[in-house]
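> fold the following.
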Amino acid sequence: MLKVTGGTYVEDCYVPEWHQLYGSGTRAAIAASSLCDVVELHTLVGPDRQKDFTALCDSFGIQHHATPAPETLAFQYFHGLSTPTVWPLIHTLKPRPPLNVEGDAVLRFGMLEGDARVTANRAVYDPQSVFDPRPFHENGSSAKELAVVLNRAEARRLIGDVDPAQLVDGILALMSAELVILKQGADGALLATRSGVREHVPAYETQAVFPIGSGDVFSAAFAAQWAGRGKDPLEAAQFASLAAAYYCSTKFLPLPTSADAIRSALPQLAEVPPPRRAGKRRCYLAGPFFNLGQRWVIEEAKSALEGQGLNVFSPLHDVGHGQAQVVVPADLEALDTVDIVFGVVDGLDPGTLFEIGYARSKGIPVVAFVEQEDGESLKLLMGTDCAIERDFTTAIYRTNWIARRS
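Residues are numbered from 1 along each chain as shown. Model (predicted):
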């Protein structure tokens, strides 16, 4: 049996369209339901979603214990990489008594509207908070063996802005953990144990990327394999990475029951390659910025690309409006120095198309984000091997993956 404790939230995303009752706890329980004989979920649910929650859990055979909450929290995303708006507002939430969960194998997530006090033989802890991650034992939780799964931002918040080796050492000490899995985006994950083991876990390139909840799936898959089934931690972490890639690519849950089944379902799955050289890759952001909508897309793209670790040159931000004799030489000089171009192609802006053509003439790879234009309009881009992506989030990830090869 695997016991899961975490939030149940309404999730709304506008692009791509997504309206689900998930949250970290419920998503993880559903993900793990195919991997464990019994999954038991402990969460908080408002009366507005109690019937939906019960039906959802029953449909996957999940034993569920829902403590009443005033209402179910809702997360609203504009796109898959945007910072969500949370309703009710976080600062209005009143502290609630912690859930008490005891079991042989327990997966605990941090929650916004409450907390869980865990007693376990083997526990997996995912803090689920970039701004205020809390140590596992702080609320009285205990485990004979503890694994902590967290991302680089959460680890830095707890330990400081240091390198990955220092981060995992710091988390091992702070949490008195047996092992730590530090997730590092395209760089994969670093698994570290108290006994001194250090192993790299690869990330995977997928044909599509839907990141909302992918961390929940990783933690669920790892907990099911390591805590629930007693698998070797490296084997469990490798499966968890494959499971997250499967979910990002398909949005399907529960998970396939083996790594072979995932690879069979996604035959084009490939490990993200290590960067060919050290240092940040430089990305040129090409796109029109002459009205509010265009400007908004450029701002979102710049933020998202920087979030992938790219050094972004944006004509809007780094050169601005001006006379052609001033603007054009500065833009072309920047194009000569970049590793990749991200182009916003909808509207077929002449300046953007010129920048893309100039880059391809220099052998610089281009990722073209385009939602509306047809094949005839894109013929020259297709014929010069531009990577054409119609989903914003996938285009951002693809840019980073390709840039790493430069």
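> assign residue 174 to helix, strand or coil.
The three-state label given to residue 174 by DSSP: H, G, I helix; E, B strand; the rest coil is helix.
> give the buried residues for the helix ranked longest in the chain.
As assigned by DSSP state H, the longest helix anywhere in the chain is helix 233-250. Of all the residues in helix 233-250, those buried under the rule 16 or more other CB atoms under 10 Å are 233-234, 236-250. C-beta coordinates here come from the backbone N, C-alpha and C atoms, glycine included.
> helices and strands around the lowest-mean-pLDDT helix or strand in the chain, which ones?
Among the helical and strand segments of the chain, the one scoring lowest on mean pLDDT, DSSP states H and E is helix 324-335, with a mean of 92. Under the contact definition 3 or more CB pairs under 8 Å, 6 or more residues apart in numbering; DSSP states H and E, helix 324-335 sits against helix 350-361.
> ok, and what's touching the helix it packs on?
Under the contact criterion CB atoms under 8 Å, 6 or more residues apart in numbering, helix 350-361 has outside partners 284, 286-288, 331-332, 335, 338, 341, 343-345, 365-366, 368, 380-381, 384-386.
> wait, residue 285 touches residue 310, no?
No: look at residue 285 against residue 310 with CB atoms under 8 Å: they stay out of range, at 9.4 Å.
> next, give phi and psi for the residue lying closest to residue 78 once chain neighbours are set aside.
Excluding the flanking residues, the one nearest residue 78 by CB to CB, 6 or more residues apart in numbering is residue 14, at 5.4 Å. Per-residue torsions, residue 14: phi -90, psi -40 (degrees, to the nearest 10).
> which residues are in contact with residue 14?
Counting by CB under 8 Å, 6+ apart, residue 14 has contacts 77-79.
> how about a cut-off of 10 Å?
76-79, 82 (CB atoms under 10 Å, 6 or more residues apart in numbering).
> other SSEs contacting the helix or strand following the longest helix of the chain?
Later in the chain than helix 233-250, the nearest helix or strand by DSSP states H and E is helix 259-265. Applying 3 or more CB pairs under 10 Å, 6 or more residues apart in numbering; DSSP states H and E, one finds that helix 259-265 contacts helix 233-250.
> centre of the chain to the helix it packs on, how far?
12 Å (CA atoms, centre = their mean, to the nearest Å).
> give me the mean pLDDT for it.
What helix 233-250 shows for mean pLDDT is 98.
> and it, C-alpha only, in PDB?
Extracted in PDB, the C-alpha atoms of helix 233-250 (Å, rounded to 0.1, in the frame of the first residue of the first chain):
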ATOM      1  CA  PRO A 233      16.400   4.200  -5.500                       C
ATOM      2  CA  LEU A 234      18.300   4.700  -8.800                       C
ATOM      3  CA  GLU A 235      16.000   2.300 -10.700                       C
ATOM      4  CA  ALA A 236      13.000   4.100  -9.100                       C
ATOM      5  CA  ALA A 237      14.300   7.500 -10.100                       C
ATOM      6  CA  GLN A 238      15.000   6.500 -13.600                       C
ATOM      7  CA  PHE A 239      11.400   5.100 -13.900                       C
ATOM      8  CA  ALA A 240      10.100   8.300 -12.400                       C
ATOM      9  CA  SER A 241      11.800  10.400 -15.000                       C
ATOM     10  CA  LEU A 242      10.300   8.200 -17.800                       C
ATOM     11  CA  ALA A 243       6.900   8.500 -16.100                       C
ATOM     12  CA  ALA A 244       7.100  12.300 -16.000                       C
ATOM     13  CA  ALA A 245       8.000  12.400 -19.700                       C
ATOM     14  CA  TYR A 246       5.100  10.100 -20.500                       C
ATOM     15  CA  TYR A 247       2.700  12.400 -18.700                       C
ATOM     16  CA  CYS A 248       4.100  15.500 -20.200                       C
ATOM     17  CA  SER A 249       3.700  14.000 -23.700                       C
ATOM     18  CA  THR A 250       0.300  12.400 -23.300                       C
END
